[in-house]
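>>> Make a model of this:
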Amino acid sequence: MRADTASPRPYAATTPPHATTVRTALPDLAKTILAEPSWDALAATLADAEHAGHNPRALLTEAAARRELDTAESISDVLVWRLRRTADLPAYAPTPETTRASRPNDQQTAARQLPTPSTPRAPRR
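This next block holds a predicted model:
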């Protein structure tokens, strides 16, 4: 085995996407934000904003300055909401896997949602 294959990855490869953006835009809050469970949603939102042509750092700075964040249960959640509204990004819809998992049988669900006619229809010709 070659020695260079066992070396650790460089710092940039292990840094989560947009962690640097958060650290530079919000240095006082970065440690808290990066430790929150919803940090991934904030990183994805920053990536979406960047993909839509926005400057993620400027947008994040603006969203954080809009109102206080000290009383937020999740700073990441609040920032995701503010960023999506400011950047005019769509809210995420449930994934097909999530939707399917919540319904054990799609045919039974569809059958229950269809109204039943009060009088029987004549067969089609």
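>>> Glu59 against Leu83, yeah?
Not quite, residue 59 is Leu, not Glu. Yes: counting by C-beta atoms under 8 Å, a contact exists between Leu59 and Leu83, whose distance comes to 6.0 Å. Where C-beta positions appear, they are placed from N, C-alpha and C, glycine not excepted.
>>> what sits in contact with each of the two?
Each of Leu46, Ala49 lies in contact with both Leu59 and Leu83 under the rule C-beta atoms under 8 Å, 6 or more residues apart in numbering.
>>> so Val22 sits right up against Thr32, yeah?
No: under the criterion of C-beta under 8 Å, Val22 is not in contact with Thr32, lying 10.0 Å apart.
>>> These two: which is more packed in?
Remark: of Val22 and Thr32, Val22 carries more neighbours, 27 against 16, as counted by other C-beta atoms under 10 Å.
>>> buried sites along the helix or strand encompassing the more buried one?
Here Val22, judged by DSSP states H and E, is contained in helix 19-25. Neighbour-count burial for helix 19-25, with 16 or more other C-beta atoms under 10 Å as criterion, is recorded at Ala19, Thr21, Val22, Ala25.
>>> just stretch 74-81 next, same as before
Using 16+ other C-beta under 10 Å as the burial criterion, the residues of stretch 74-81 that qualify are Ser74, Ile75, Ser76, Val78, Leu79, Val80.
>>> Save those residues as CSV, and put in distance to Glu50 too.
Conversion of the buried residues of stretch 74-81 to CSV gives the following (distance: C-beta to C-beta, whole Å):
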residue, distance to Glu50
Ser74, 22
Ile75, 20
Ser76, 17
Val78, 20
Leu79, 15
Val80, 14
